[in-house]
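# here are the coordinates; sequence isn't available:
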């Protein structure tokens, strides 16, 4: 087994080890970034047309734009986005549901 060691944001070496023990590597070929984090979703309930504010850190995931937001598995419309705040409009649905908020960026 292996474990990542290094500094987030700094390039590191990629290594592939086969089941026979042979190994290949390439220096400075992979950069590990700290994961995004959602701190708050307001409001936490709503209906079609509700503007939902998602706040957190690194929401762009080291990218430049948000590709999609889903609220409880339904595609929401992104109104605006930054690395710390995403505004999305809740979609129409016939069924009430509870679920995750998922943000996908262009990385």
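Happy to help now that I have it. Note that the coordinates shown come from a computational prediction; the quantities given were computed from them, not determined experimentally.

# what distance do you get for residue 40 to residue 25?
Per CB to CB, to the nearest Å, residue 40 is found 41 Å from residue 25. Any C-beta I mention is one placed from the backbone N, CA and C, and that applies to glycine too.

# ok, residue 98 next?
45 Å.

# next one: residue 99
The value you get for residue 99 to residue 25, if CB to CB is used, is 41 Å.

# for the helix or strand residue 69 falls within, name the packing helices and strands.
In this assignment (DSSP states H and E), residue 69 forms part of strand 66-71. Applying 3 or more CB pairs under 8 Å, 6 or more residues apart in numbering; DSSP states H and E, one finds that strand 66-71 contacts strand 74-81, strand 85-89, strand 101-105.

# among those, which is the most enclosed?
Each of these was scored by mean neighbour count; the highest is strand 85-89, a mean of 19, by mean count of other CB atoms under 10 Å.

# what does it rub up against?
The contact list for strand 85-89 (CB atoms under 8 Å, 6 or more residues apart in numbering) reads 49-55, 59, 66, 69, 71, 76-81, 103.

# pLDDT of stretch 55-71, averaged?
In this model, stretch 55-71 has an average pLDDT of 96.

# and it, which residues are buried?
Neighbour counts using 16 or more other CB atoms under 10 Å place 56, 59-61, 66, 69-71 of stretch 55-71 among the buried residues.

# check stretch 36-56 too.
The neighbour-count check on stretch 36-56 (16+ other CB under 10 Å) flags 36, 41, 52, 54, 56 as buried.

# please enumerate the strands of this structure.
With DSSP state E as the criterion, the chain has strands at 11-17, 23-31, 37-42, 51-57, 66-71, 74-81, 85-89, 101-105.

# so what does the first one touch, helix or strand wise?
The one in question is strand 11-17. Packed next to strand 11-17, using 3+ CB pairs under 8 Å, 6+ apart, are strand 23-31.

# just to revisit the earlier point, mind putting the helices and strands packed on strand 66-71 in JSON lines, mean pLDDT included?
JSON lines is the format used below for the helices and strands packed on strand 66-71 (pLDDT from 0 to 100):
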{"stretch": "strand 74-81", "mean pLDDT": "97"}
{"stretch": "strand 85-89", "mean pLDDT": "98"}
{"stretch": "strand 101-105", "mean pLDDT": "96"}
